[in-house]
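*Asks:* need coordinates for the following:
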Amino acid sequence: MSVATALAVGNEAEPFLAEEAFRRALARTGESQANGVLLFLSADFSRHAQRALTAVARAARCMQVAGGVAAGVFTEQGWALDRPAAAAMVFAGGLALGPPDAVARAAEQDDAAVPRIILSYAGGTPPAEWEAPPSRFGGSFAGRDGRAEPLAWQQARLAAHCSVRPLGVKVDSGVSRGWQLLGEPCPVGACRAYDVLTMAGQASLDHLLHVLPATHRDPETRFLAAVCAVVFDDHDACGAARPDAWQTAFAAGAGRSIAVIAANADRSLTLAERLSPGQKLVWALRSPQAAADDMRRCVDRLAVAAPTPLGAVVFSCIGRGPYFYDGEDRDVAILQGRFPGLPLIGVHGTGQIAAKPAGGNRSLQNAVVTALLSKIPVRPHV
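*Replies:* Next up is the predicted model:
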């Protein structure tokens with residue numbers, strides 16, 4: 001069973017760059033034939049992606065080439081955000097990529113430990129039908145303003161989006177949302193359109209400043225860019241009202257984050273979504289340390305389910321990459337620290353896709369979705 005990756009970086013967005021990444025990855029598998037290729041290209045390839053796809057498909061003698069364009073790409077060997085680059089993951093030996101409804105073998109179909117989970121990537125807004133089952137993991141990239149090129153591909157052809165299933169492996173996925181919850185959820189008081197006027201008997205801005213660490217308070221309200229509101233609906237099962245319980249529920253998918261747009265003269269806060277009195281809201285803070293701590297918890301949980309993975313596929317927000325961590329991608333470093341030498345491929349995009357705990361899927365921002373690929377457990381036949 002073989003999977004390997006490679007990263008090729010150059011000065012021009014030419015097809016040979018993608019072909020070079022593929023050939024290096026194939027050589028690392030120790031196999032002579034690829035059964036599938038995940039190929040992600042930097043945004044420099046937006047206008048010429050089909051040429052690169054054709055070159056890889058010919059070199060691989062395989063039409064199952066899937067992936068898309070992203071703001072940046074990376075593997076375990078490094079990352080590229082500001083230069084033309086191609087990242088390839090080759091599936092060979094007993095591993096393959098197939099259509100969403102494919103099954104590698106009968107034993108896998110019957111194994112409850114190997115649920116059907118689909119790798120999905122959208123060159124823009126993910127389709128609405130992706131919100132329904134089956135489970136998905138992946139990402140999206142909105143592309144450049146004013147451009148309408150197809151930014152995803154499947155079966156070595158450009159498309160608006162792609163959906164493939166890794167075959168011959170078990171997939172375990174996790175999400176690092178990167179937010180630190182501040183205190184406990186509190187019912188919203190008075191509202192006016194998109195403005196939250198009061199919470200817990202005080203102006204919403206004062207309520208936020210009360211729970212915000214002193215190091216992040218700013219009289220000119222610049223701290224709002226690092227803050228969001230997390231709303232828990234009635235159907236969210238959040239358990240006990242302890243901060244760690246809410247954090248656990250949030251990490252598992254409960255609650256939805258809403259951007260804070262502005263602080264107003266009447267000390268109300270304008271949110272990106274209308275709320276109603278009585279809805280439960282908790283403020284959350286985004287910082288490099290909080291995001292790294294959350295990523296570490298995510299990787300720790302994944303390591304329990306997949307202690308010896310064969311490879312990893314990572315979909316990270318452009319806001320969580322080296323620009324956020326001052327020149328270092330700490331999220332990837334945490335994954336590599338837990339699994340040294342693990343073949344991994346990833347992208348920095350504008351959106352992430354992950355399964356909901358209760359079924360269906362959701363689109364996220366500022367998150368990291370990590371999927372570990374492992375050998376399928378062998379069950380004795382009695």
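
*Asks:* what segments of the stretch 151-300 of the chain are strands?
*Replies:* 152-154, 157-159, 161-167, 169-176, 179-187, 191-192, 195-196, 198-199, 202-203, 227-232, 256-263, 269-271, 280-286 (DSSP state E, counting those that start in this stretch).

*Asks:* so Leu208 sits against Cys228, correct?
*Replies:* No: using Cβ atoms under 8 Å, Leu208 is not in contact with Cys228, being 10.7 Å away. C-beta: built from backbone N, CA, C; applies to glycine.

*Asks:* overlap in contacts of these two?
*Replies:* Trp283 (Cβ atoms under 8 Å, 6 or more residues apart in numbering).

*Asks:* got a pLDDT number for Gly239?
*Replies:* Gly239 is assigned a predicted lDDT (pLDDT) of 48.

*Asks:* read off the pLDDT value for Leu158.
*Replies:* Value listed for Leu158 in the pLDDT field: 96.

*Asks:* how many other residues sit next to it?
*Replies:* Neighbour count of Leu158, defined by other Cβ atoms under 10 Å: 17.

*Asks:* surely Leu39 forms part of a helix?
*Replies:* No: Leu39 sits outside any helix when classified using DSSP: H, G, I helix; E, B strand; the rest coil, being strand.

*Asks:* number of residues surrounding it?
*Replies:* 28.

*Asks:* go ahead and confirm it touches Ala25.
*Replies:* No: checked against Cβ under 8 Å, the pair Leu39 and Ala25 is beyond contact range at 9.6 Å.

*Asks:* show me where pLDDT drops low in this protein?
*Replies:* Applying pLDDT under 70 to the chain flags residues 1, 102-115, 144-149, 218-222, 234-248, 252, 378-382.

*Asks:* including distance to Gly67, could the strands of the stretch 151-300 of the chain go into a markdown table?
*Replies:* Formatted as a markdown table, the strands of the stretch 151-300 of the chain follow (distance: least, Cβ to Cβ, whole Å):
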| stretch | distance to Gly67 |
| --- | --- |
| strand 152-154 | 6 |
| strand 157-159 | 11 |
| strand 161-167 | 7 |
| strand 169-176 | 17 |
| strand 179-187 | 28 |
| strand 191-192 | 43 |
| strand 195-196 | 41 |
| strand 198-199 | 44 |
| strand 202-203 | 48 |
| strand 227-232 | 30 |
| strand 256-263 | 27 |
| strand 269-271 | 35 |
| strand 280-286 | 28 |
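
*Asks:* looking at those, which is closest to Arg116?
*Replies:* Relative to Arg116, the nearest member of those by Cβ to Cβ is strand 161-167, separated by 6.8 Å.

*Asks:* ok, residues contacting that closest one?
*Replies:* 36, 64, 66-68, 91, 95-104, 108, 116-124, 126-127, 136, 140, 152-154, 373.

*Asks:* can you give me how far the helix of greatest length in the chain is from the chain middle?
*Replies:* Scanning the chain for the helix with the most residues, using DSSP state H, yields helix 288-305. Taking the mean of its C-alpha atoms, helix 288-305 sits 13 Å from the chain's own mean (Cα atoms, centre = their mean, to the nearest Å).

*Asks:* try stretch 300-310
*Replies:* On Cα atoms, centre = their mean, the centre of stretch 300-310 falls 17 Å from that of its chain.

*Asks:* quick one: contacts of it?
*Replies:* The contact list for stretch 300-310, computed with Cβ under 8 Å, 6+ apart, reads 1, 3, 95, 169-170, 172-174, 338-339, 342-343, 370, 372-375.

*Asks:* how about a cut-off of 7 Å?
*Replies:* 1, 3, 169, 172, 174, 338-339, 342, 370, 372-375 (Cβ atoms under 7 Å, 6 or more residues apart in numbering).

*Asks:* that one spans what distance, first to last residue?
*Replies:* 17 Å (Cα to Cα, to the nearest Å).

*Asks:* give the buried residues for it.
*Replies:* For stretch 300-310, burial by neighbour count (16 or more other Cβ atoms under 10 Å) applies to Leu302, Ala303, Ala306, Pro309, Leu310.

*Asks:* got the domain ranges for this structure?
*Replies:* Annotated domains of the chain cover 2-176+291-375, 179-287 [automatic domain parsing].

*Asks:* quick check: which of those is buried the most?
*Replies:* domain 2-176+291-375 (a mean of 20; mean count of other Cβ atoms under 10 Å).

*Asks:* how far out from the middle of the chain is that one?
*Replies:* Distance, centroid of domain 2-176+291-375 to centroid of chain: 9 Å (Cα atoms, centre = their mean).

*Asks:* circling back to that earlier point, mutual contacts of Leu39 and Ala25, please.
*Replies:* Ala88.

*Asks:* how about stretch 187-201 as CSV, C-alpha atoms only?
*Replies:* The C-alpha trace of stretch 187-201 is given here as CSV (Å, rounded to 0.1, in the frame of the first residue of the first chain):
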residue,chain,number,x,y,z
PRO,A,187,-28.8,35.0,26.2
VAL,A,188,-28.9,37.9,23.8
GLY,A,189,-30.9,40.9,25.2
ALA,A,190,-32.3,43.7,23.0
CYS,A,191,-31.6,43.7,19.2
ARG,A,192,-32.0,46.2,16.4
ALA,A,193,-31.6,44.8,12.9
TYR,A,194,-28.0,43.6,12.8
ASP,A,195,-27.1,45.3,16.1
VAL,A,196,-26.9,43.5,19.4
LEU,A,197,-27.8,46.2,21.9
THR,A,198,-27.6,44.4,25.3
MET,A,199,-26.4,41.2,26.9
ALA,A,200,-26.8,40.3,30.6
GLY,A,201,-28.2,43.7,31.4
